[in-house]
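**Student:** Structure for the following, please:
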Amino acid sequence: MSKRHRNAYCSFCRKSYEDVGPLVEGPGDVYICAECIELCQSIIAQEKRRRGPLKRELPTAVDIQRFLEPLFAGQEAATSAVWTAAHSHYERLRLDPSSHRSARTPKNAWLVVGPTPSSKILLARALAQIFDVPFAHGDVAALLTPDPTNLASNALLCKLLDSAEFDSTAASRGIIYVDGIDDPSSHASVLSVMDGMASKNFLYGIAFETASVLLLFGGVFADLEDIRARGLRRRQPITERDLVAWGMHRELASQFELIAEIGPLDDSALVRLVSCADLRSLGKDHSAHD
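**Tutor:** Residues are numbered from 1 along each chain as shown. The predicted model follows:
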C-alpha cells in the first residue's frame, strides 16, 4: 500500500488506516474500511428482510396458545377465533402479498366486544407481537371529523407508518385497533374510513398499500346482552343481526368478517401484565412452567 493510502481515513467512520487496517478506495478519494463494509452489509440484509415478501414461517398454534393463555385464561374460545383468523390473514399475505387486490379477499375489519377497553386492546397488541407486525391504536372519537377519509384514517395510518419506522411494506401488514365503535354517531365516519383504506394511500410522499392492513374495532355495546336475551340468543355468538337490533347501521354491521366477544382480564393476568415490560416474555415465562 502506498504512503498516501496509509495516511487515508475511512470516509464513513473517520478511522485511520492504522486503526482499522486496509481501506477500499472509491472514486474521488473516498475510502471505506472493513468494519463499515460489514455494517453496510448487515443493514442491507436487514432491509431486504423487512421489505421483502412475508416468506418466513408463521408461529404455530401451540406457540400462539402458549403466548395467549396467561393473558386470557378461560377465554380460549374467543381468542382462538381471533388468532385463527389472524393466522389465515397472514398466511394469505405470506403466500401472495398482492392478494389484497383480489375482489375475493375477505374483509380485514373485525369487531371485538367486551366490557373493558384493556382486554380488547391487549388482544390486538398481542396479535401484533405474535405475528411480528407494526401496531397502532386510537379512539373512535378521532374519526368524528368533517372529512374522516382524508384526516382521521390518515392519522391512524401515520401512527402505523411511524410504528413501522416508515417502512410502507411492513406497515401494510400491520394492525390498527380503534376503540369506542359502540358510539352510534361514529358509524358513518367509520364506514368512510373503511372505504378510504380500501385503496392505496400516500403519506409523506410514500405509497402505502392499506387494503391489507388489519382493522380491529372494539366496543362495550351496553344493552346488547339484554337484546340478545329477548331473542333467546344470550349464550349464542354475536351476529350481524344482533348488532343491527342493537342499533348499528346495517351497512357497517355487514363489514365485519369476524365478531368476537371477550371478557375482562382476571387478577392474575393483570398482575403479570403490569409486571412485564414486553408481552413476548409472557409466553416464554409460561412455557418455562409447563
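
**Student:** Pass me the low-pLDDT residue ranges in the stretch 151-290 of the chain, would you?
**Tutor:** 151-153, 231-234, 269, 271-290 (pLDDT under 70).

**Student:** where along it do the helices fall?
**Tutor:** Shown for the stretch 151-290 of the chain, the helices assigned by DSSP state H, counting those that start in this stretch span residues 152-163, 168-171, 187-196, 224-230, 240-246, 250-253, 267-274, 280-288.

**Student:** Minimum distance to Ala109: which of those helices has it?
**Tutor:** When the helices of the stretch 151-290 of the chain are compared by CB to CB, helix 187-196 sits nearest Ala109, at 6.1 Å. Where C-beta positions appear, they are placed from N, C-alpha and C, glycine not excepted.

**Student:** can you pull the contacts of the residue nearest the centre of the chain?
**Tutor:** Among the residues of the chain, the one closest to the centroid is Ile175, at 2.5 Å (CA atoms, centre = their mean). Applying CB atoms under 8 Å, 6 or more residues apart in numbering, we find Ile175 in contact with 124, 127-128, 133-136, 213-214, 216.

**Student:** One more: Ile206?
**Tutor:** Contact analysis of Ile206 by CB under 8 Å, 6+ apart lists 161, 166, 168.

**Student:** Swap in 6 Å and give it another go.
**Tutor:** Ser168 (CB atoms under 6 Å, 6 or more residues apart in numbering).

**Student:** coming back round to it: reformat the helices of the stretch 151-290 of the chain into a markdown table and put distance to Trp110 and mean neighbour count next to each item.
**Tutor:** Below are the helices of the stretch 151-290 of the chain laid out as a markdown table (distance: least, CB to CB, whole Å; neighbours: other CB atoms under 10 Å):
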| stretch | distance to Trp110 | mean neighbour count |
| --- | --- | --- |
| helix 152-163 | 15 | 21 |
| helix 168-171 | 18 | 21 |
| helix 187-196 | 12 | 20 |
| helix 224-230 | 17 | 15 |
| helix 240-246 | 13 | 18 |
| helix 250-253 | 13 | 16 |
| helix 267-274 | 22 | 13 |
| helix 280-288 | 22 | 14 |
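
**Student:** closest one to Val30 among these?
**Tutor:** Taking CB to CB, helix 168-171 is the member of these nearest to Val30, at 30.6 Å.

**Student:** chain center to that closest one: distance?
**Tutor:** When distances are taken as CA atoms, centre = their mean, to the nearest Å, helix 168-171 is centred 10 Å away from the chain's centroid.

**Student:** helices and strands around the helix or strand hosting Leu123, which ones?
**Tutor:** Assigned by DSSP states H and E, Leu123 belongs to helix 117-130. The contact analysis (3 or more CB pairs under 6 Å, 6 or more residues apart in numbering; DSSP states H and E) places helix 117-130 against strand 135-139, strand 175-179.

**Student:** partners of the last one, with directions?
**Tutor:** In the sheet, strand 175-179 lines up against strand 135-139 (parallel), strand 214-219 (parallel) (DSSP bridges).

**Student:** How about the backbone phi and psi for the nearest residue to Ser118 once chain neighbours are set aside?
**Tutor:** Excluding the flanking residues, the one nearest Ser118 by CB to CB, 6 or more residues apart in numbering is Leu265, at 6.0 Å. Torsion angles at Leu265 (phi, psi; degrees, to the nearest 10) stand at phi -70, psi 140.

**Student:** Let me know how buried Leu265 is, in neighbour terms.
**Tutor:** For Leu265, the neighbour count with other CB atoms under 10 Å is 21.

**Student:** how about the top helix by length along the chain: buried residues?
**Tutor:** Longest helix in the chain by number of residues (criterion: DSSP state H): helix 76-95. Using 16 or more other CB atoms under 10 Å as the test for burial, helix 76-95 gives 78-83, 85-87, 89-90, 92-94.

**Student:** how close does Glu18 get to Thr169?
**Tutor:** 42 Å (CB to CB, to the nearest Å).

**Student:** Likewise for Asp96?
**Tutor:** Using CB to CB, Asp96 is found at 14 Å from Thr169.

**Student:** Ile43 too?
**Tutor:** As judged by CB to CB, Ile43 and Thr169 stand 16 Å apart.
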